[in-house]
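K.L.:
Let me see the structure of the following:
(one chain, ligands or ions: 1)
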Amino acid sequence: MIRFCCDLCHRTLQQHENRYVVRMEVFPGSEEIHPEELEADRDHLAELNQLLEGLEQEEAEPPGCHQFRYDLCEQCYRRFVRDPLGREVSVPFKISQN
Ligand SMILES: [Zn+2]
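P.N.:
All right, here's what the predicted structure looks like:
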């Protein structure tokens, strides 16, 4: 059978334990620009596209677009949803063991 390992604490999950899947997608915010704005800025975009085409020859992935997938145990899942970007890492906090 398939065994899953937590990507944060690297613990092997037991059969009875819940597994949580984190999926993240990162892409340039400029993709959300309204089409009319793109028309007005066409010359600049043409230059940008030429630059990007040069980059694409080196990278297989589209520039700036990344997808991530992680398996988490329940404990790491609870920590993750509380602080997805890890902004509290430098601030020590206690995890109650009950
Ligand atoms: Zn974990």
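
K.L.:
Which of the helices and strands in the protein ranks last by mean pLDDT?
P.N.:
helix 35-40 (a mean of 60; mean pLDDT, DSSP states H and E).

K.L.:
wait, doesn't F4 sit right on R11?
P.N.:
No. With contact defined as CB atoms under 8 Å, F4 does not reach R11; the gap is 9.8 Å. Using the backbone N, CA and C atoms, a C-beta is placed for each residue, glycine as well.

K.L.:
Comparing these two, which residue is more hemmed in?
P.N.:
F4 (16 against 13; other CB atoms under 10 Å).

K.L.:
Give me the pLDDT for the more buried one.
P.N.:
F4 carries a pLDDT value of 93.

K.L.:
Tell me who's in contact with it.
P.N.:
F4 sits next to T12, L13, R19, D71 when contact means CB atoms under 8 Å, 6 or more residues apart in numbering.

K.L.:
Strands - which of those residues land there?
P.N.:
D71 (DSSP state E).

K.L.:
Quick check on the contacts of F4: which are buried?
P.N.:
L13, D71 (16 or more other CB atoms under 10 Å).

K.L.:
Tell me the spacing between the closest residue to C9 other than its chain neighbours and V21.
P.N.:
Distance criterion CB to CB, 6 or more residues apart in numbering; nearest residue to C9, sequence neighbours excluded, is C76 at 5.6 Å. Here the criterion is CB to CB, to the nearest Å. By it, C76 lies 12 Å from V21.

K.L.:
Who has more neighbours out of these two?
P.N.:
Using other CB under 10 Å, the more surrounded residue of C76 and V21 is C76, with 19 against 11.

K.L.:
Can you report how many residues neighbour the nearest residue to F27 once chain neighbours are set aside?
P.N.:
Closest residue in space to F27, ignoring its immediate chain neighbours: C65 at 4.5 Å, by CB to CB, 6+ apart. If you count neighbours by other CB under 10 Å, C65 ends up with 11.
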